[in-house]
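Sequence first, predicted coordinates after that:
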Amino acid sequence: MFDRDHAPEELPAYAVAAEGIGVDDLWLVEDLGWAGSVSSAALALAATSRIRVCIGIAPVPLRNPALLAMELATLARVYPGRVVAGLGHGVTDWMRQVGEERKSKLALLEESIVAVRGMLLGETVTLDGREVHLDGVGLVHPPSVVPPIVTGVVRPRSLELSGRVADGTILAEGNGPEQIAAALGHIRRGGAGAAHELITFVYLHVNDDPANAAEVTGELVAAQAQWLGIPQGELFTLIGPARDIPAGIQALTDAGAGTIVLRPLGPDPIGQTRIARAALGGSVTPAEPPSMTDSRARIREALVDAARELTVMRGWEDVRMADVAKAAGVSRQTLYNEFDGRAGLAEALAVREIRVFVSGVHRHLAAHGAEARAAAHAAILFALEEADRNPLVRAILTSGRGGADELLPYLTTRADIVFDAAGDVIREWAAEHLPGVAPGTVDVAADVVVRLTVSHIVLPTGPRADAADVLAGVFVRLLT
């Protein structure tokens, strides 16, 4: 974190140094009278090439949602995948000081997030809320990668709000594992799914001398404890010897923190961050830029997880896209952006489930080496039994028949998913263990046995062991 007391002209060099250490994020503070967060983010992004630059946090009373969306869109278009927008209620006294105290803080924050995200998604937003009023406002240049919107909030109702509408939640310095667990409870009650990012700020001061550490950090720590309403001794920090840092980070991670932001106190913040990285075993060589942003990958994974869970409970024909988005903690528009529609989500779900399924087939083939009949019998029996045990496949097979929008066709008619994946596994096994069999012969045998196995899964004709024995015999005869 770049502390607010550092002069703005120091930020570019600080950002370059932080990226050189190998950190993933650089967080910027916006407090009344100090530097503006959006302009600061522009400076840090321009000076670096890899790290996420994160606003933590901009008070929504100070910015009209349309202007905020315009500013964020500009940053996100120029630096795709590298911007995180942190928003919050604003400190009450400061908002009153500038004449921007609002009657309904919760409504203002929620309506601002909904409006800003809508515009960033390319929507034309009309909203006549309690605090936000927009009439047909859209962006001419929305970003291709929509930046995550996270909230910096404290109280239970605000945490639930964050779980309902935000992509993540920031917890202030001093919150330890117990407070993280409690906050997650409120966030999840708001409807947050697996993609919701929990971010916690933590004070860092590397010092082997407790007395000197207290002298350097004591005033700030005492003020933070008072603000949180807890005894100073209960404030969670990483103040002390470097050897204690890994255990502290692990405790926060175990409690559910997904992103941990170090706020160095005292002199040489970059040096302290470098020591912390070394204590954690981190290399100081910057990682290569990812091909996709981690946040987008997490969102896709969470959406598929949500679709799977709902399919198991209801059957695919009763799964609504709005429910998938809600379960994953994202907007419905985000879901459509990732998968285009219901068919795209169905294919992603089927692809992942079948890949897991087929990997088990590979293990059973490989366990029997060149013993073709034994390998085929084990792999086919596994496939039949796993299809019976697998809750997703079971839900598919027991859902309604005859509809045009079922997931079952992805198991039975999509050669590019089922047959290619299973056929590749068989060809790989045969190439290693049966080098004397012509590839064309293996192709035919693989295609036939996969089709027959899938047919038996969909419409069983007898005991699984008997079917596996018959199909293994067919497979061996086709290979010879």
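It's in.

From here on, just use CA atoms for contacts and neighbour counts.
Noted.

how about low-confidence regions in the stretch 101-250 of the chain?
Low-confidence segments of the stretch 101-250 of the chain (pLDDT under 70): none present.

if you set the cut-off to 90 instead, what comes out?
Across the stretch 101-250 of the chain, the ranges flagged by pLDDT under 90 are 103, 121, 143-146, 191-195, 233.

which residues of it fall in helices?
105-120, 156-165, 177-189, 210-228, 245-255 (DSSP state H, counting those that start in this stretch).

Which of the residues in the longest one are classified as buried?
By neighbour count with 16 or more other Cα atoms under 10 Å, helix 210-228 contains the buried residues 213-214, 216-217, 221, 224-225.

tell me how far stretch 321-341 is from the chain's mean position?
14 Å (Cα atoms, centre = their mean, to the nearest Å).

same question for that stretch, mean pLDDT?
For stretch 321-341, mean pLDDT rounds to 80.

Could you tell me which residues within that stretch count as buried?
Here stretch 321-341 shows 321, 324-331, 333-335, 339 as buried, counting by 16+ other Cα under 10 Å.

Out of the residues you listed, which is nearest to Ile199?
Nearest to Ile199 out of the buried residues of stretch 321-341 is Gly329 (Cα to Cα; 15.6 Å).

Look through this structure and tell me its longest helix.
Counting residues, the longest helix in the chain under DSSP state H turns out to be helix 342-367.

gap between that helix and the chain center?
Per Cα atoms, centre = their mean, the centroid offset for helix 342-367 relative to its chain is 22 Å.

buried ones in that helix?
Within helix 342-367, the residues that count as buried by 16+ other Cα under 10 Å are 345-351, 353-354, 357-358, 360-366.

how far does the host helix or strand of Ser455 sit from the chain's center?
Ser455 belongs to helix 439-458 when assigned by DSSP states H and E. Its chain's average C-alpha position is 37 Å from that of helix 439-458, according to Cα atoms, centre = their mean.

next SSE after that helix?
Following helix 439-458 toward the C-terminus (DSSP H and E): helix 464-479.

Quick one: mean pLDDT for that next one?
Mean predicted confidence for helix 464-479 is 93.

now stretch 426-436
90.

Okay, buried residues for that stretch please.
426-427, 429-430, 433-434.

Generate JSON lines for the residues you listed, with distance to Arg130 and secondary structure as supplementary columns.
Shown next, in JSON lines, are the buried residues of stretch 426-436 (distance: Cα to Cα, whole Å; DSSP: H, G, I helix; E, B strand; the rest coil):
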{"residue": "Ile426", "distance to Arg130": "61", "secondary structure": "helix"}
{"residue": "Arg427", "distance to Arg130": "63", "secondary structure": "helix"}
{"residue": "Trp429", "distance to Arg130": "64", "secondary structure": "helix"}
{"residue": "Ala430", "distance to Arg130": "67", "secondary structure": "helix"}
{"residue": "His433", "distance to Arg130": "70", "secondary structure": "helix"}
{"residue": "Leu434", "distance to Arg130": "71", "secondary structure": "coil"}
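
Contacts only, for Val127.
One thing to correct before we go on: residue 127 is Leu, not Val. Shown in contact with Leu127 (Cα atoms under 8 Å, 6 or more residues apart in numbering): 115, 133-135.

who wins for most neighbours among those residues?
When neighbours are taken as other Cα atoms under 10 Å, the top entry among the contacts of Leu127 is Ala115 (26 neighbours).

give me every residue that touches it.
65-66, 125, 127.

try it again with 10 Å
Contact partners of Ala115, counting by Cα atoms under 10 Å, 6 or more residues apart in numbering, are 65-66, 68-69, 109, 121, 123-127, 132-134, 137-138.

now, among these, which is nearest to Ala42?
Leu68 (13.7 Å).

I figured that closest one hits Val60, correct?
Yes: in this structure, Leu68 is within contact of Val60 by Cα atoms under 10 Å, at 8.8 Å.

which residues are in contact with both of those two?
With Cα under 10 Å, 6+ apart, Leu68 and Val60 have common neighbours Ser112.

Comparing the two, which shows the higher neighbour count?
Shown here are Leu68 and Val60; by other Cα under 10 Å, Val60 has more neighbours (23 against 20).

ok so, going back, now, the buried residues of stretch 321-341 that are in helices?
321, 324-328, 333-335, 339.

Dump the residues you listed into JSON lines; add distance to Gly168 as well.
Formatted as JSON lines, those follow (distance: Cα to Cα, whole Å):
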{"residue": "Met321", "distance to Gly168": "21"}
{"residue": "Val324", "distance to Gly168": "18"}
{"residue": "Ala325", "distance to Gly168": "15"}
{"residue": "Lys326", "distance to Gly168": "14"}
{"residue": "Ala327", "distance to Gly168": "14"}
{"residue": "Ala328", "distance to Gly168": "12"}
{"residue": "Gln333", "distance to Gly168": "17"}
{"residue": "Thr334", "distance to Gly168": "15"}
{"residue": "Leu335", "distance to Gly168": "17"}
{"residue": "Phe339", "distance to Gly168": "21"}
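
which residues of the stretch 1-150 of the chain fall in strands?
25-28, 52-59, 83-88, 125-128, 133-137, 149-152 (DSSP state E, counting those that start in this stretch).

now these in CSV, with distance to Gly440?
Below are the strands of the stretch 1-150 of the chain laid out as CSV (distance: least, Cα to Cα, whole Å):
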stretch, distance to Gly440
strand 25-28, 52
strand 52-59, 50
strand 83-88, 51
strand 125-128, 58
strand 133-137, 60
strand 149-152, 53
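
wait, which of the ones you listed is closest to Gly174?
strand 149-152 (13.8 Å).

hmm, who's touching the closest one?
54-59, 83-90, 109-110, 113-114, 116-117, 158-159, 161-163, 165-172, 196-200.

do the same with stretch 367-378
Residues contacting stretch 367-378 (Cα under 10 Å, 6+ apart): 361-366, 379-383, 426, 429-430, 432-435, 449, 465-477, 479.

now do stretch 331-340
114, 117-118, 121-123, 146, 164-167, 296-297, 299-300, 303-304, 321-326, 328, 341-342, 344-348.

Pull the number of nearby residues for Gly176.
There are 22 residues near Gly176, going by other Cα under 10 Å.

if I read this right, it contacts Thr237, doesn't it?
Yes: with contacts counted by Cα under 10 Å, Gly176 reaches Thr237, the gap being 8.0 Å.

Which residues are in contact with each of those two?
201-202, 248.

Which of those residues sits closest to Ala46?
Phe201 (24.3 Å).

how close does the closest one get to Gly190?
Here the criterion is Cα to Cα, to the nearest Å. By it, Phe201 lies 22 Å from Gly190.

Let's verify the spatially most central residue of the chain: helix, strand, or coil?
Computing the C-alpha centroid of the chain and ranking residues by Cα atoms, centre = their mean puts Arg298 first, at 2.8 Å. The assignment at Arg298 comes out as helix when based on DSSP: H, G, I helix; E, B strand; the rest coil.
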